[in-house]
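1. Let me see the structure of the following:
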Amino acid sequence: MDNETQLWAWFLFHAGFAPQRAKTLLAAWEQRDLTLRDVLEKPSPQTNVPGITPDEVSKLRPPHKLPDITALRWNEALYPVGLHHLPLQLRPALLFYRGELSLLLRPIVYLMPGPLDAETYELLQETVGILLGENLLLAAFRESPQATVLMEEMAASEGEALLFAGQGLAQLILWEQEQALLQDRRLLILSPLPPHAPANPAWDDVLQQVATAAALRRVCSNTTTPLPASPATVPTLLLTANAVPHLPDGVHVAASAVEALMWLTEIPAAPVSAPQQMTSALDLTAELPMTPPPTPAEALQVLEKGGRVPEVLKKRLLGH
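-> From the prediction side, this is the model:
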């Protein structure tokens, strides 16, 4: 067990600091190459700990026994690079998790939440079906329609997935399929909220900003409302068979699962390195070179090399 992570959880949620103040101190100490344990072990915190006020010194007294914590700190290698671009008030100092943490080695493609009509549901289903098993990590907001599609396709094919939870992980009541996927190391569930935090709709906007920032690309399948604002560094795929005038910068339209596959599978490998060594990995998502699109037969050959191709997609490709 990582004692530093346990100390962070205590410091952030139980030491008596306001969350923003606690993160500010952690960031300041990190810049001086100080761990939280280093700070707590100083013989005289009032004179030796940078940034701390006399009134705060008494709070630097962790209990002898710290609770077990399964979380990823923001200074660890697997912490999603894009989250470092969030302002401090939004950036999670800890990401609590269940499941296979090594899945974060893959580029994250976030399926943005929102209502689905029948046509878009089918298009998203086809897209997810052919993307599973690629070197990507498809992600969705747990209990969204997009997560339902993702879980349905997970049951019918190989591949792994990431779910963002809207509450602390101790509050989760896992479904049978989720339990099986966790057991098979095919699923990762993340939450920036403390383990016992209940679901609260007031947090949804912040949680979705975290999910978006963690991704190298995102997929919007809700065509009934305008595209939400997003960082310009997160390219977006809009799934729709309809013409869309005046697209915002960074938005690409795909009218078929094949077009979505060709665009999304061009993502570079996700970099993994210590935060201080990170250049802007999001710069890797620059506009792709223009190449002639494959013929339907060529596209089908590419898809069949990767495994199962749904019959409905074969028929659509070949015009049957």
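2. Does residue 29 touch residue 37 like I think?
-> No. Between residue 29 and residue 37 there is no contact under Cβ atoms under 8 Å: 10.5 Å. From N, CA and C alone the C-beta is placed, and that goes for glycine too.
3. mind showing which ranges of the stretch 101-250 of the chain have poor pLDDT?
-> By pLDDT under 70, the weakly predicted segments of the stretch 101-250 of the chain are 223-233.
4. residue ranges of the strands in it, please?
-> All strands of the stretch 101-250 of the chain, identified by DSSP state E, counting those that start in this stretch, fall at 108-111, 137-141, 161-164, 187-191, 217-220, 236-239.
5. out of residue 29 and residue 37, which sits in the more crowded spot?
-> Per other Cβ atoms under 10 Å, whichever of residue 29 and residue 37 has more neighbours is residue 29, with 18 against 12.
6. what's the spacing between the more buried one and residue 265?
-> 41 Å (Cβ to Cβ, to the nearest Å).
7. for the stretch 1-150 of the chain, what spans make up the helices?
-> In the stretch 1-150 of the chain, the segments counted as helices under DSSP state H, counting those that start in this stretch are 3-13, 19-31, 36-40, 45-48, 54-57, 118-131, 145-156.
8. Of those helices, which stretch is the most buried?
-> helix 118-131 (a mean of 20; mean count of other Cβ atoms under 10 Å).
9. got the angle for it vs strand 137-141?
-> Calculated by axes from the mean of the first three to the mean of the last three Cα atoms, to 10 degrees, helix 118-131 forms an angle of 150 degrees with strand 137-141.
10. Would you mind splitting the protein into its domains for me?
-> As assigned by automatic domain parsing, the chain contains the domains 3-69, 94-286.
11. hey, which of those domains is tucked in deepest?
-> With neighbours defined as mean count of other Cβ under 10 Å, the domains of the chain peak in mean count at domain 94-286, which reaches a mean of 18.
12. picking up where we left off before, and the strands of the stretch 101-250 of the chain as TSV, adding distance to residue 92?
-> TSV is the format used below for these (distance: least, Cβ to Cβ, whole Å):
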stretch	distance to residue 92
strand 108-111	15
strand 137-141	15
strand 161-164	11
strand 187-191	9
strand 217-220	18
strand 236-239	22
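13. and of those strands, who's closest to residue 70?
-> strand 187-191 (10.6 Å; Cβ to Cβ).
14. From the contact counts, what lies against the closest one?
-> strand 94-99, strand 161-164, helix 176-183 (3 or more Cβ pairs under 8 Å, 6 or more residues apart in numbering; DSSP states H and E).
15. ok, and what's touching the first one?
-> Residues lying outside strand 94-99 but in contact with it, judged by Cβ atoms under 8 Å, 6 or more residues apart in numbering, are 5, 8-9, 12, 69-74, 79, 168-169, 172, 181-182, 185, 187-195.
16. One more: the second one?
-> Around strand 161-164, the neighbours that count as contacts under Cβ under 8 Å, 6+ apart are 103-104, 108, 132, 137-142, 147, 150-151, 154, 178, 181, 186-191, 207, 210-211.
17. And the last one, by the same measure?
-> The set of residues external to helix 176-183 that reach it, using Cβ under 8 Å, 6+ apart, is 98-100, 151, 154-155, 161, 163, 174, 187, 189.
18. Could you pull out the helices in the stretch 151-300 of the chain for me?
-> With DSSP H, counting those that start in this stretch as the criterion, the stretch 151-300 of the chain has helices at 176-183, 204-214, 257-264, 296-305.
19. quick one: the closest residue to residue 20 other than its chain neighbours from residue 144, how far?
-> In space, and not counting its chain neighbours, residue 20 is closest to residue 89: 5.8 Å by Cβ to Cβ, 6 or more residues apart in numbering. Distance of residue 89 to residue 144, given as Cβ to Cβ: 25 Å.
20. repeat for residue 38
-> Distance of residue 38 to residue 144, computed by Cβ to Cβ: 41 Å.
21. Just give me the neighbour total for residue 91.
-> Residues lying near residue 91 (other Cβ under 10 Å) number 17.
22. Distance check, it against residue 5.
-> The gap separating residue 91 from residue 5 is 16 Å, by Cβ to Cβ.
23. same thing with residue 259?
-> Counting by Cβ to Cβ, the gap from residue 259 to residue 5 is 42 Å.
24. wait, isn't residue 145 in contact with residue 117?
-> No. With contact defined as Cβ under 8 Å, residue 145 does not reach residue 117; the gap is 10.3 Å.
25. could the domains of the chain go into a markdown table alongside distance to residue 84?
-> Converted to a markdown table, the domains of the chain look like this (distance: least, Cβ to Cβ, whole Å):
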| stretch | distance to residue 84 |
| --- | --- |
| domain 3-69 | 11 |
| domain 94-286 | 6 |
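26. circling back to that earlier point, which of the strands of the stretch 101-250 of the chain sits closest to residue 60?
-> Proximity to residue 60 (Cβ to Cβ) singles out strand 187-191 among the strands of the stretch 101-250 of the chain, at 26.8 Å.
27. Great, nothing more from me.
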